[in-house]
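J.: sequence? don't have it. structure:
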């Protein structure tokens, strides 16, 4: 039980809940999804637990299932829905290596992405179209997906760009 306290952000109440659910070691948590742990705790309590506990369990999932977790990224508030749901383009902030140290997430930075320095734009064209113009959460409902606004990131290879586009489209359900 003591080793559970080494997981960032874990306190007595969460250790007690995890122990009651049968998780007594970090190894016993490996492979578990944050949503699974949250649902287990809700079932254990017989009520819907505060949603912040879901965010904490997502951070626990990241910590125990990542070889070298970024301790900064282990803060529970970086695992809120806005960071694990697809951004306008389909990228998922919490999965990005730039998040949260170099980028706080599209919805927070309002489309002022790092690669704009290589363009003439002052806002990501996807963010601008989707959020500012169409007032949508992401591009999943757009008939033109992917459109000309999906430009290559000049800081990565063509192969990485192609793989990123496939991943983003998958995240958007396409």
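T.: Yep, that arrived. Predicted model only: the values in this text are computed from it and were never measured. Numbering: from 1, shown residues only.
J.: what's the offset of the least confident helix or strand in the chain by mean pLDDT from the middle of its chain?
T.: Scoring the helices and strands of the chain by mean pLDDT, DSSP states H and E places helix 106-109 at the bottom, with a mean of 91. Relative to the mean C-alpha coordinate of its chain, helix 106-109 is positioned 13 Å out (C-alpha atoms, centre = their mean, to the nearest Å).
J.: quick one: buried residues of that helix?
T.: Buried residues in helix 106-109, counting neighbours by 16 or more other C-beta atoms under 10 Å, are found at 106, 107. For glycine as for every other residue, the C-beta is placed from the backbone atoms N, C-alpha and C.
J.: Hmm, residue 26 and residue 6 touching each other?
T.: Yes. With contacts counted by C-beta atoms under 8 Å, residue 6 reaches residue 26, the gap being 7.4 Å.
J.: Next secondary structure after the least confident helix or strand of the chain?
T.: Following helix 106-109 in sequence order, the next helix or strand is helix 125-127 (DSSP states H and E).
J.: I'd like the next helix or strand past that next one.
T.: According to DSSP H and E, the helix or strand after helix 125-127 is helix 158-171.
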